[in-house]
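Asker: For reference, the sequence and a predicted model appear below.
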Amino acid sequence: MHSARFLMHSARFLLIAAFATGIASAQTCDRACLKTTLDQYLNAVVKHDTSAAPLFVGFRQTDNGVVVRPGTGTWQSITALGDIQRKFFDPVSGQAAYLGLIKEGQATGTATLGERVENRQITEAEWVIARQGAIGPSGTAGGNLYNLAGFIAEPPPDRTVPQNQRASREVLIAIANSYFDGLTTHDGSIIMAHEGCTRNENGTHTAGPNPNAGAGARGGPGGGGDCTSNLTNFNVSLISARRYPVVDVEQQAVVGFGIFLRKPGTTLMRNLLAEWFFVDNNKIRNIWASMFYPTNDLPVPNWPPYEGNFPVAAEFAAPAAPAAPAAAGRGRGAGTQ
C-alpha cells in the first residue's frame, strides 16, 4: 500500500517536473535565439516596419529616456546601421545589446541598444544615442563629446574569449561595479582595472594611451593618466539606478547603465550613460560609453528602478543661470544669457 502510494506520488512529481522543464525550455532564449531576435528588431527599425519583429503586445521602448510608441522615434529616424556593429548576448537575463553606429539620413550617431526577450518575444528596447550637435554638460547645444572619426579609428572589441580565460558572470558584474564605486568615492585604487586602461566616450578618447594620437592625448576624467586617474575632483556625487542588464561571458563584456548626478550646487548637467566594460584577466582593459545629457525635467532612465530619478532632487539639479541685471534705460531682460 505504502509502495503504491510512493510510486503514485513519484510519478506525479516526475510529471510536474517534466511539465515545468518543458515550460522553461519554451521560455529560454539562448545566444542563437537572442541573436535572431536582436537582428529582427534592428532590421525592423531600419525598415520602419514594426510587424517585421516579434514584438510583445505590451512592448515598451525608450529613446534617450523618452517613451515612444512602436513606429515612432527611432523607428522613423534610423535609416541604416553603420559599419561598426557589435552585438552581445546574455541568456541568463534574456537580454541582448548593440553597440555601434546608426545612420539617421545623412547623420551618423553612436548608440547603445538594450533589448529584453521573453517567451521569444521582444518586450523592451532601450536606446542611448549620441548625436552630433547635442547639448553638453553646460547645457550648450553642440557641447557634447562626439567624435565619429574617433569611434571608427578605435572601435570596440569583437572577440570570443577562450573559456579558460573567462571570469564568471558574478565576477564581471563586481568588476564593472568597482568602476562606478571608484568614481563616486573619488578613489581610483578601488577600480579593478589594468594600468593604462582606456576610455572612449561617444568616440572621444578620454583616458589611457590613445593608439591614434600618441601618448600625449587627453586622458582620465581630469586629463592625463588612465581610466582610474584624476578622480579627486571628478564632479560626480552619486551614480544612481545602476543596472547591468547584459553580461556576455563569452566576450567578457558588461554593459552598465547609470545616471551621473553632480555634486550639490553644480552648474553641470547630469548625464545618462551606457558604460561598456571589456575585461581581461579579471580587470578592466577598455571602456566605451554611450551617453547624453538630459534636462532636469526628463525622467531618466525611465526604467526600473524608477526611484530617485524623477524629478531631480533640488540639491542635484543644475541651477538656472541668473538673469543679468537690467541696464539703466534699456528696459527689462537686456543681456539675459
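Answerer: Arrived safely, thanks for sending. Numbers count the residues shown, from 1 in each chain.
Asker: mind listing the strands for this structure?
Answerer: 55-63, 66-68, 80-90, 95-104, 107-118, 121-130, 193-201, 204-207, 238-248, 253-261, 271-280, 283-292 (DSSP state E).
Asker: And for Cys29, the neighbour number?
Answerer: When counting by other CB atoms under 10 Å, one arrives at 22 neighbours for Cys29. Backbone N, C-alpha and C define where each C-beta goes, glycine included.
Asker: Return the residues in contact with it.
Answerer: When contacts are counted by CB atoms under 8 Å, 6 or more residues apart in numbering, Cys29 touches 37, 91, 94, 117, 120.
Asker: Show only the entries of these found in helices.
Answerer: Judged by DSSP state H, the contacts of Cys29 include Thr37 as members of helices.
Asker: Would you reformat the contacts of Cys29 as JSON lines and include neighbour count, pLDDT and distance to Trp303?
Answerer: Output for these, formatted as JSON lines (neighbours: other CB atoms under 10 Å; pLDDT from 0 to 100; distance: CB to CB, whole Å):
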{"residue": "Thr37", "neighbour count": "23", "pLDDT": "98", "distance to Trp303": "19"}
{"residue": "Pro91", "neighbour count": "17", "pLDDT": "98", "distance to Trp303": "21"}
{"residue": "Gly94", "neighbour count": "23", "pLDDT": "98", "distance to Trp303": "15"}
{"residue": "Val117", "neighbour count": "26", "pLDDT": "98", "distance to Trp303": "16"}
{"residue": "Arg120", "neighbour count": "16", "pLDDT": "96", "distance to Trp303": "21"}
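Asker: okay if I get the contacts of Cys29 as JSON lines plus distance to Val254?
Answerer: Output for these, formatted as JSON lines (distance: CB to CB, whole Å):
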{"residue": "Thr37", "distance to Val254": "20"}
{"residue": "Pro91", "distance to Val254": "15"}
{"residue": "Gly94", "distance to Val254": "16"}
{"residue": "Val117", "distance to Val254": "18"}
{"residue": "Arg120", "distance to Val254": "24"}
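Asker: any idea how far Met192 is from Ala52?
Answerer: According to CB to CB, to the nearest Å, Ala52 and Met192 sit 41 Å apart.
Asker: ah, wrong one, I meant Ile259
Answerer: 22 Å.
Asker: Next: Ile78.
Answerer: Counting by CB to CB - Ile78 and Met192 are separated by 35 Å.
Asker: hang on, isn't Ser240 packed against Gly258?
Answerer: Yes - contact criterion CB atoms under 8 Å: Ser240 and Gly258 qualify, at 6.7 Å.
Asker: okay, those two: which has more neighbours?
Answerer: Gly258 (24 against 19).
Asker: of Ala52 and Met192, who's got more company?
Answerer: In this view Ala52 and Met192 are compared by other CB under 10 Å, and Met192 has more residues nearby, 20 against 14.
Asker: correct me, but that one touches Ser178?
Answerer: Yes - in this structure, Met192 is within contact of Ser178 by CB under 8 Å, at 4.5 Å.
Asker: Might you report the residue contacts of the residue lying closest to Asn286 once chain neighbours are set aside?
Answerer: Among residues not flanking Asn286 along the chain, Phe278 sits closest, at 4.5 Å (CB to CB, 6 or more residues apart in numbering). Each residue near Phe278 by CB under 8 Å, 6+ apart is listed here: 156-157, 251-253, 284-288.
Asker: Report the contact partners of Arg60.
Answerer: Each residue near Arg60 by CB under 8 Å, 6+ apart is listed here: 67, 123-125.
Asker: ditto for Ala52
Answerer: By CB under 8 Å, 6+ apart, the contact list for Ala52 reads 40, 43-44.
Asker: same thing but 10 Å
Answerer: 40-41, 43-46 (CB atoms under 10 Å, 6 or more residues apart in numbering).
Asker: who wins for most neighbours among those?
Answerer: Val45 leads those on contacts (other CB under 10 Å) with 26 neighbours.
Asker: OK, contacts around that one?
Answerer: For Val45, the contact set (CB under 10 Å, 6+ apart) comprises 52-53, 61, 70, 73-79, 81, 102, 113, 125, 127.
Asker: And Asn147, by the same measure?
Answerer: Counting by CB under 10 Å, 6+ apart, Asn147 has contacts 110, 130, 132, 153-154, 200-205.
Asker: Under the pLDDT cut-off, which ranges of the protein? List them.
Answerer: When residues are selected by pLDDT under 70, those of the chain lie in 1-27, 213-224, 306-337.
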